[in-house]
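Undergrad: No letters, just coordinates:
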Ligand SMILES: Nc1ncnc2c1ncn2[C@@H]1O[C@H](COP(=O)(O)OP(=O)(O)O)[C@@H](O)[C@H]1O
Ligand SMILES: [Mg+2]
């Protein structure tokens, strides 16, 4: 990994260390930007020279103007908006159900014996296989899509919640018991804070899957959304629409992960981690 | 606070870890439990603390049978066991109840006592091993326990930090007169700190002898009297014959 990303415990509190980290961060962005920039320039040049046929791989400038065009006529916002809404709704529902079930399974051995085998069995079904069934049950509208995304989000959040709770250091629980904490206090003051890192990891991978599943859900049948743009691009033989949509997926997906990452860093600032991920 | 053990034993799934332990500690006494690794010292201490209720025999604190964790008992573990998500001060006040202001005032006072007056806002990741163990000591003391149980509290520290913290413990003892049970495998430590040393041996562990140190404190670390006692202890531990 990049050497500058390693924060040495103890020095991080000094302002000098912070300033260093900032320039190091800027340097990292610069270094990481060289290759993509070079690729785009080469791509643009080759497209203009006619090496790539424009009906298969249009030039970056063409794609950019496709995006700005959509932004100007407003269709970009409505497509991106509905996609973000679907991911957000599915994420909330999936994460919520996962937290509830994961906590119950994590806390109660009995519940684990009853619930976990079934949940694990469902996990072994590739989640995309549910799509036709959901459409059959709930129609082509929003409910089937949101459900689809919720299913995708559910599993990573569930698994990480369970392992986070089950993996709490017994020694810390003992400290709590030594101070006479009751079961409820143990949960809120020791177990939940200790399980938080694992839970947040689950949320982040859940969100990633949410973005994957929204593509699938929108490909299967939608009249709006970034995934729908993919279908439109294919049917109207306009690769710039497809690539524009892909780029938007990447940007918005990255943005949402970045928000979660900031929340994670804020919540886990106490952690002694050598490398930020 | 007085402590009394009568024929205490503990069996895990048919395997007896320690048996027939009887001992008593008077008000303000420091009792050492000394023995080789695996002879049941920690097991005994956990039974006294109330963390482990499945022991055989009787354990009484101030004449009351121990069942469950006692408010009047404090525990210092081998590792600091600090909560990583809490600051030093929050760790220290973890076991207190009442108003935040009162708790923090109490916590700050005890932190000054253990020499960490200016570290209250640090997180455990920012502490050295010695500092972390000081915090753990402060956390155990802040509830003013009448009996303090210590399970090899200094064994993970370097020799100098260890001696500093041993002296810190004696300062606290002088001030509060806390009854202490100190589990250790360090003979010098036991001789430096304890009034009486109970020696355990074997598997299952049993008491083989009890040594009265009876020297006034502070004890010179290299005194000939302590050296003589050390020889006695080494003899009763009988390291050459036990496997
Ligand atoms: N929770 C437990 N379950 C089963 N065996 C245990 C448990 N705790 C301790 N023992 C056994 O009891 C014996 C004494 O352990 P312990 O009290 O930790 O020794 P010491 O602290 O003197 O090194 C060991 O043989 C250990 O394996
Ligand atoms: Mg032990």
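TA: Sure, I can see it. Owing to the predicted nature of the structure, the values given are computational and were not obtained by experimental measurement. Numbering: from 1, shown residues only, chains lettered A, B, ... in the order given. Ligands and ions are numbered 1, 2, ... in the order given.
Undergrad: Give me every residue in chain B lying close to chain A.
TA: B:49, B:51, B:69, B:71, B:73-75, B:77, B:79, B:81, B:83-86, B:94-95, B:123-126, B:143 (CB under 8 Å from any CB of the partner chain). C-beta here means a position set from N, CA and C on the backbone, and glycine is covered the same way.
Undergrad: Quick check: ChimeraX command selecting the buried ones in those.
TA: Those of the residues of chain B next to chain A that count as buried under 16 or more other CB atoms under 10 Å in any protein chain shown are selected in ChimeraX with:
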select /B:49,51,69,73,74,75,77,79,81,83,84,85,86,94,95,123,124,125,126,143
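Undergrad: remind me which residues of the stretch 151-277 of chain A are low pLDDT?
TA: A:274-277 (pLDDT under 70).
Undergrad: Helices - which of the residues of chain B next to chain A land there?
TA: Members of these lying in helices (criterion: DSSP state H): residue B:49.
Undergrad: Among the residues of chain B next to chain A, which ones are in strands?
TA: B:73-75 (DSSP state E).
Undergrad: From those, pick the one nearest residue A:227.
TA: Lowest distance from residue A:227 to these (CB to CB) belongs to residue B:75, with 57.5 Å.
Undergrad: Which residues lie in contact with that closest one in this structure?
TA: A:175, A:178, B:45, B:49, B:51, B:140, B:148-151 (CB atoms under 8 Å, 6 or more residues apart in numbering or on different chains).
Undergrad: elements contacting the host helix or strand of residue B:112?
TA: Using DSSP states H and E, residue B:112 sits within helix B:100-113. Contacting helix B:100-113 under the criterion 3 or more CB pairs under 8 Å, 6 or more residues apart in numbering or on different chains; DSSP states H and E are the following elements: helix B:88-92, helix B:129-141.
Undergrad: any chance of those in a markdown table, plus mean pLDDT and mean neighbour count?
TA: Shown next, in a markdown table, are the helices and strands packed on helix B:100-113 (pLDDT from 0 to 100; neighbours: other CB atoms under 10 Å in any protein chain shown):
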| stretch | mean pLDDT | mean neighbour count |
| --- | --- | --- |
| helix B:88-92 | 96 | 24 |
| helix B:129-141 | 94 | 23 |
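Undergrad: Kindly reformat these as CSV containing distance to ligand 1.
TA: Below are those laid out as CSV (distance: least, CB to the nearest ligand atom, whole Å):
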stretch, distance to ligand 1
helix B:88-92, 25
helix B:129-141, 18
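Undergrad: Number of residues surrounding the closest residue to ligand 1 within chain A?
TA: For chain A and ligand 1, the shortest gap (CB to the nearest ligand atom) falls at residue A:170, measuring 10.1 Å. By other CB atoms under 10 Å in any protein chain shown, the residues close to residue A:170 number 7.
Undergrad: Ok, residue A:138 next?
TA: 15.
Undergrad: Nearest spatial neighbour of it, chain-adjacent residues omitted?
TA: residue A:144 (3.9 Å; CB to CB, 6 or more residues apart in numbering or on different chains).
Undergrad: Confirm that the one you found sits in a helix.
TA: Yes. Counting by DSSP: H, G, I helix; E, B strand; the rest coil, residue A:144 is found in a helix.
Undergrad: Can you verify my assumption that it contacts residue A:130?
TA: No. Residue A:144 is not in contact with residue A:130 according to CB atoms under 8 Å; the separation is 9.4 Å.
Undergrad: so what's in contact with those two at the same time?
TA: By CB under 8 Å, 6+ apart, no residue touches both residue A:144 and residue A:130.
Undergrad: remind me, longest helix of chain B?
TA: For chain B, the longest helix by residue count, based on DSSP H, is helix B:159-176.
Undergrad: Downstream of that one, the next helix or strand is which one?
TA: Later in the chain than helix B:159-176, the nearest helix or strand by DSSP H and E is strand B:179-184.
Undergrad: Neighbouring strands - and their directions - for that next one?
TA: Partners of strand B:179-184 in the sheet, by DSSP bridges, are strand B:30-35 (parallel), strand B:147-151 (parallel).
Undergrad: If I take it and helix B:159-176, what angle do their directions form?
TA: 160 degrees (axes from the mean of the first three to the mean of the last three CA atoms, to 10 degrees).
Undergrad: Pretty sure residue A:187 sits against residue A:107.
TA: Yes. At 7.3 Å, residue A:187 counts as touching residue A:107 under the criterion of CB under 8 Å.
Undergrad: That's all I had, so thanks and see you.
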